[in-house]
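Participant: heads up, no residue letters with this:
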């Protein structure tokens, strides 16, 4: 019985280590827990967009009210569960994602991809043309601060546009300039992150300042 418990504990430690290694390429701060990494990754995923729509998947800004409007409201739309919503729902979701420091208000007339229907006084999300390059990121470094975290991410693209090559489908990994970094068989998608980790010098990076407030994360700036 004691041997079984010991084996379970060892397997648990290995599993936790695998999670950390999967989600973060370099972690120089040993005080970051797996739960913290998961919370950070979940939040960054919520605000990470598509560069063909918003110009950059995650644009630079000094503070949230300087963020580009199209990115800001597309993040909100992405995180709304329905495709039909009220003005109040949009504003509430914006505060939920970006905190009370956000003072921008959603335009009453709507946006290019959020259409206002004055007959029912509601907004509708409309479709958009996305390419076959999936904007992706990998957590690279995390440093704790007094009221949150400083996070560096590595940005890359997963290209699913390739045709069969010798009877196999491939995913091409590209940098944000769309230069090829490597490729993996589509049945081995878990290897994508390994290629990213092994080619950090060829990929662009961004630093985010995240504030932790009442258990929730809010992005303060990106550079």
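Facilitator: On my side now, so go ahead. In this text the structure is predicted, and so the values were computed from the model without any measurement.
Participant: Find the helix or strand that the closest residue to residue 159 other than its chain neighbours is a member of.
Facilitator: Excluding the flanking residues, the one nearest residue 159 by CB to CB, 6 or more residues apart in numbering is residue 172, at 3.8 Å. C-betas here are computed from N, CA, C, even on glycine. Per DSSP states H and E, residue 172 falls inside strand 170-174.
Participant: Show me what counts as buried in that strand.
Facilitator: Within strand 170-174, the residues scored as buried using 16 or more other CB atoms under 10 Å are 170-174.
Participant: Relative to residue 49, which of the residues you listed is nearest.
Facilitator: residue 174 (17.2 Å; CB to CB).
Participant: Tell me the spacing between that closest one and residue 97.
Facilitator: 28 Å (CB to CB, to the nearest Å).
Participant: Over to residue 45?
Facilitator: Distance from residue 45 to residue 97, counting by CB to CB: 12 Å.
Participant: which SSE is the residue most central in space within the chain in?
Facilitator: Centroid-nearest residue in the chain, with CA atoms, centre = their mean: residue 45, separated by 2.5 Å. Taking DSSP H and E as the definition, residue 45 sits inside helix 34-47.
Participant: how about that helix: buried residues?
Facilitator: Residues of helix 34-47 classed as buried: 36-37, 39-41, 43-44, 47 (neighbour count, 16+ other CB under 10 Å).
Participant: lowest average confidence, helix or strand, in this protein?
Facilitator: helix 2-23 (a mean of 43; mean pLDDT, DSSP states H and E).
Participant: any chance you could map the strands in the chain?
Facilitator: 84-85, 114-117, 122-125, 133-144, 148-159, 170-174, 180-185, 204-213, 216-222 (DSSP state E).
Participant: Can you convert those into JSON lines and add a column each for mean pLDDT and distance to residue 102?
Facilitator: Below are the strands of the chain laid out as JSON lines (pLDDT from 0 to 100; distance: least, CB to CB, whole Å):
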{"stretch": "strand 84-85", "mean pLDDT": "96", "distance to residue 102": "17"}
{"stretch": "strand 114-117", "mean pLDDT": "97", "distance to residue 102": "17"}
{"stretch": "strand 122-125", "mean pLDDT": "97", "distance to residue 102": "18"}
{"stretch": "strand 133-144", "mean pLDDT": "97", "distance to residue 102": "22"}
{"stretch": "strand 148-159", "mean pLDDT": "98", "distance to residue 102": "16"}
{"stretch": "strand 170-174", "mean pLDDT": "94", "distance to residue 102": "33"}
{"stretch": "strand 180-185", "mean pLDDT": "94", "distance to residue 102": "35"}
{"stretch": "strand 204-213", "mean pLDDT": "98", "distance to residue 102": "12"}
{"stretch": "strand 216-222", "mean pLDDT": "98", "distance to residue 102": "9"}
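Participant: Out of these, flag the one nearest residue 59.
Facilitator: That would be strand 216-222 among those, by CB to CB, at 6.8 Å.
Participant: Next, count neighbours for residue 187.
Facilitator: 10 (other CB atoms under 10 Å).
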